[in-house]
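*Asks:* Could you look at this predicted model? Sequence included:
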Amino acid sequence: QVQLVESGGGLVQAGGSLRLSCAAFRRTFSNDAMGWFRQAQGKEREFVARITWRGGATTYADSVKGRFTIYRDNAENTVSLQMNSLKPEDTAVYYCAAAVWGNWNYWGQGTQVTVSS
């Protein structure tokens, strides 16, 4: 079973930057991609970004394109999300997730990101 441990997050002013990291333990070959999701208070969880372990193909939500970058370190089994030009609407709990054959089966505990205006 894949275990995900997140780090990073915190409070930042609008226009600032933060980096989130996620360490994946007990990965298996079937874990083909990693992603970041977020959930703002009173809203549903939404997709932010995704990256494949093999090839490093990336996908982003329209709301973060050009501001967020997802990248991975295959040797360390870590995935990070660099967030630049942060906006108050980016405030949410951010979750790391691991996909098994395309299904998001495993989730981290979540880390709070707060962007003040």
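*Replies:* That came in fine, so what should we check first?

*Asks:* any idea of the mean pLDDT in stretch 32-42?
*Replies:* For stretch 32-42, the mean per-residue pLDDT is 96.

*Asks:* Contacts made by it with the rest, please.
*Replies:* Residues outside stretch 32-42 that contact it (CB atoms under 8 Å, 6 or more residues apart in numbering): 20, 22, 24, 45-54, 70, 72, 79, 81, 89-102, 104, 110, 113. For every residue, glycine as well, the C-beta is placed using N, CA and C.

*Asks:* Give me the buried subset of those.
*Replies:* 20, 22, 24, 45, 47-51, 53, 70, 72, 79, 81, 90-99, 104, 110, 113 (16 or more other CB atoms under 10 Å).

*Asks:* Who does the most centrally placed residue in the chain form a beta bridge with?
*Replies:* In the chain, the C-alpha nearest the mean C-alpha coordinate belongs to residue 36, at 2.6 Å (CA atoms, centre = their mean). Residue 36 forms beta bridges with residue 49, residue 96, as assigned by DSSP bridges.
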